[in-house]
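# have a look at this prediction, sequence included:
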Amino acid sequence: MKGRISFIGILSLLFTIPFGSAFALSNIVPAPPGYDQYRDDIDHGKMETITYYSGTVGTERNAMVYTPPGYTKEKKYNVLYLLHGIGGDEREWYEQMNPHHILDNLYAQNKLEPMIVVLPNGRAMKNDSADGDIFDPEKIAAFETFEYDLLNDLIPAIEAKYPVWENRHHRALAGLSMGGGQSLNFGLKHLDVFSHIGGFSSAPNTMNPDVLVPNPKETAGKLKLLWLSSGDRDDLTSISQNFHHYLTENNVPHNWYLDDGDHEPKVWSSGLYHFSQLLFEPITSADIRSLVEHLGEEGEIEEGRSARILIHHMTAVELFEEQGAMEKAIKHMESFKVLIELHMENNLISEKAYNELKTDADFLITKWR
């Protein structure tokens with residue numbers, strides 16, 4: 001089998017393209033009037049409440065889920081996990097920021113990639129109500145515990161119930177205030193799970209910039225999107241602004257938007273309006289080639305020849321895609337799947353890397369057909 005891999009590798013093209021993909025800092029136009037209001041002349045998505053079992057907390061927990069207009073179980077969707085603030089729960093976004101209207105209106109303008117949006121309760125404790133003293137130490141600690149509820153309980157529950165893509169390219173994490181801090185803390189810590197991250201008016205639970213991004217080059221290589229926004233009259237804006245300055249000084253691409261407002265719902269609605277439009281740019285063969293490079297650097301693919309073989313093969317696929325030769329692109333992508341399977345059988349690639357690459361390859365093959 002090793003001989004077969006080497007033979008295919010020899011046939012591959014012998015050049016590579018540098019790794020790295022993230023959105024650059026951009027100028028942002030304020031949301032237009034009525035962007036968050038109901039319209040009766042367009043199709044609408046659906047909001048529902050689901051229940052999932054949390055092994056982390058030891059009880060059933062609730063989350064709201066938005067499915068877009070035209071939702072069907074016959075196709076796969078991206079997922080945005082959208083977190084609330086310290087005084088809210090899973091209904092805060094729905095009741096105060098009109099996310100369903102914002103998203104419906106954007107879908108009507110063809111400005112969004114297909115996604116479902118999950119609005120969980122980020123206070124991971126048995127009594128997760130916002131009643132009483134919201135600053136109680138036990139409740140504050142529960143916001144930290146949510147990291148494990150999110151990763152180990154909620155995400156698997158969503159992936160079991162909804163037809164969603166199950167890798168980092170198709171997952172986003174964002175939130176407001178306390179939820180913004182959670183999103184930055186958890187998302188940047190788990191870039192193997194999320195590639196799109198947003199913080200709207202992030203609160204003091206946000207970790208220091210050098211803790212969030214200890215290795216700027218590595219973080220820049222893994223991110224597809226990092227969004228920061230806050231109101232120009234918000235006393236907490238310095239948290240986001242300081243992080244923005246750190247990212248700029250360390251050449252980590254990101255979007256920074258100083259909005260008009262205080263620590264208030266209109267700023268968070270605006271943040272969702274802008275952030276959602278940047279999410280989930282469709283992956284290409286170039287993204288998979290870059291992922292191979294990155295997995296090689298992380299040691300998930302055997303260093304040296306094995307990584308080069310896969311990179312060279314994906315470079316060929318990339319050229320066919322650029323030329324519009326889709327039958328050849330599909331044929332070579334199918335060969336790529338055989339290659340990674342052979343690598344797996346020979347312990348030259350980790351199970352994690354195999355699953356990520358196979359999922360993305362299947363996604364592109366389906367799209368091209």
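Received the coordinates, thanks. Numbering: from 1, shown residues only.

# surely Met64 is within a helix?
No: assessed with DSSP: H, G, I helix; E, B strand; the rest coil, Met64 is strand; it does not lie in a helix.

# around it, how many other residues sit close by?
The burial count assigned to Met64 is 23, neighbours taken as other Cβ atoms under 10 Å. Where C-beta positions appear, they are placed from N, C-alpha and C, glycine not excepted.

# grab the nearest non-local neighbour of it.
Leu119 (4.2 Å; Cβ to Cβ, 6 or more residues apart in numbering).

# go ahead and confirm that neighbour touches Leu82.
Yes: assessed by Cβ atoms under 8 Å, Leu119 is found in contact with Leu82 at 5.2 Å.

# show me where the stretch 151-300 of the chain has strands.
All strands of the stretch 151-300 of the chain, identified by DSSP state E, counting those that start in this stretch, fall at 171-176, 196-200, 225-231, 255-259.

# how much does the second one deviate in direction from strand 255-259?
If I follow you right, that is strand 196-200. Orientation of strand 196-200 against strand 255-259 (axes from the mean of the first three to the mean of the last three Cα atoms, to 10 degrees) gives an angle of 20 degrees.

# now tell me what touches strand 196-200 from outside.
Here strand 196-200 makes contact (Cβ atoms under 8 Å, 6 or more residues apart in numbering) with 80, 171-177, 180-181, 183-184, 187-188, 206, 223-230, 240, 243, 267-268, 271-272, 275, 278-280.

# rewinding a little: whichever strand or helix holds the residue nearest to Met64 pairs with which strands?
Assigned by DSSP states H and E, Leu119 falls within strand 115-120. Its sheet considered, strand 115-120 pairs with strand 59-67 (antiparallel), strand 78-83 (parallel) by DSSP bridges.

# quick one: the last one to strand 171-176, angle?
Right, strand 78-83. Counting by the same axes, to 10 degrees, strand 78-83 lies at 20 degrees to strand 171-176.

# how about residues contacting strand 78-83?
93, 99, 113-120, 122, 150, 154-155, 158, 162, 164-165, 170-176, 178-180, 182-183, 196, 272, 276, 279-280.

# could you do the first one as well?
Around strand 59-67, the neighbours that count as contacts under Cβ under 8 Å, 6+ apart are 45-54, 90-91, 93-94, 99-100, 103, 116-121, 124, 126, 128, 149, 153-154, 158, 162.

# for the residue nearest to Met64, grab the count of nearby residues.
Using other Cβ under 10 Å, Leu119 has 28 other residues around it.

# any chance of the strands of the stretch 151-300 of the chain in a markdown table, plus distance to Leu364 and mean neighbour count?
Below are the strands of the stretch 151-300 of the chain laid out as a markdown table (distance: least, Cβ to Cβ, whole Å; neighbours: other Cβ atoms under 10 Å):
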| stretch | distance to Leu364 | mean neighbour count |
| --- | --- | --- |
| strand 171-176 | 18 | 29 |
| strand 196-200 | 19 | 30 |
| strand 225-231 | 20 | 26 |
| strand 255-259 | 26 | 21 |
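
# can you put those strands in JSON lines and add mean pLDDT and distance to Asp41?
Putting those into JSON lines (pLDDT from 0 to 100; distance: least, Cβ to Cβ, whole Å) gives the following:
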{"stretch": "strand 171-176", "mean pLDDT": "98", "distance to Asp41": "29"}
{"stretch": "strand 196-200", "mean pLDDT": "98", "distance to Asp41": "29"}
{"stretch": "strand 225-231", "mean pLDDT": "97", "distance to Asp41": "29"}
{"stretch": "strand 255-259", "mean pLDDT": "95", "distance to Asp41": "28"}
